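1. Dropping a prediction and its sequence here:
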Amino acid sequence: MREAVMVQRILVYLRGLPGACVAVKIHGSPYQQVGWPDITAVYKPVGWPLASYGIPVYLEIKQPGACPTRVQRHRLRRLQEAGAIAEVVSSVEEVAAVLVKYGVLVASENRLACPPPANAGDLQARRFSSERPTRATAR
């Protein structure tokens with residue numbers, strides 16, 4: 001599946017979450033900082049204890065098996081240090097698993113439009129792989 005199709009599906013999923021969510025695709029331009037994630041969102045779940053504040057969510061969309069660049073990994077790490085949810089995902093199911101992992105959505109309350117993937121535990125290990133992919137592994 002092309003990255004553009006994945007981005008559209010993830011945007012539809014985020015915008016359909018219970019509560020309030022504003023999600024946009026960030027298109028690269030010469031005037032933008034390099035490495036900025038593909039999707040920027042602010043999500044305020046139903047019953048969120050901090051009524052005035054939403055949760056910043058930054059998602060870098062990659063094909064399954066593809067790794068983010070060094071600049072993208074650095075940008076995601078800095079966003080996480082600032083308190084945002086910043087992850088690399090490749091499907092709607094992985095987005096749901098990320099939101100459950102950070103405690104934003106509770107799977108047992110059936111708030112998910114789709115169940116988390118079976119490999120949800122692998123997200124943490126895969127997120128910031130320090131190894132640079134070779135041409136053979138990048139394909």
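-> Sure, I can see it. On a predicted model such as this, the values are computed, not experimentally measured, just so you know. Numbers count the residues shown, from 1 in each chain.

2. got the residue ranges for the strands in the chain?
-> In the chain, the strands defined using DSSP state E lie at 20-25, 39-44, 55-61, 85-89.

3. and the second one, what's its mean pLDDT?
-> It stands for strand 39-44. For strand 39-44, mean pLDDT rounds to 93.

4. Check the longest one too.
-> Taken as a whole, strand 55-61 has a mean pLDDT of 95.

5. Okay, buried residues for it please.
-> Neighbour counts over strand 55-61 (16 or more other CB atoms under 10 Å) mark 55, 57-61 as buried. (Glycine included, C-beta is placed from N, CA and C.)

6. Which residue comes closest to residue 20 once chain neighbours are left out?
-> residue 44 (4.6 Å; CB to CB, 6 or more residues apart in numbering).

7. Quick one: find the helix or strand in this protein with the lowest mean pLDDT.
-> Within the chain, no helix or strand scores below helix 122-127, which has a mean of 44 by mean pLDDT, DSSP states H and E.

8. Quick one: residues contacting residue 80.
-> Residues in contact with residue 80 (CB atoms under 8 Å, 6 or more residues apart in numbering) are residue 86.
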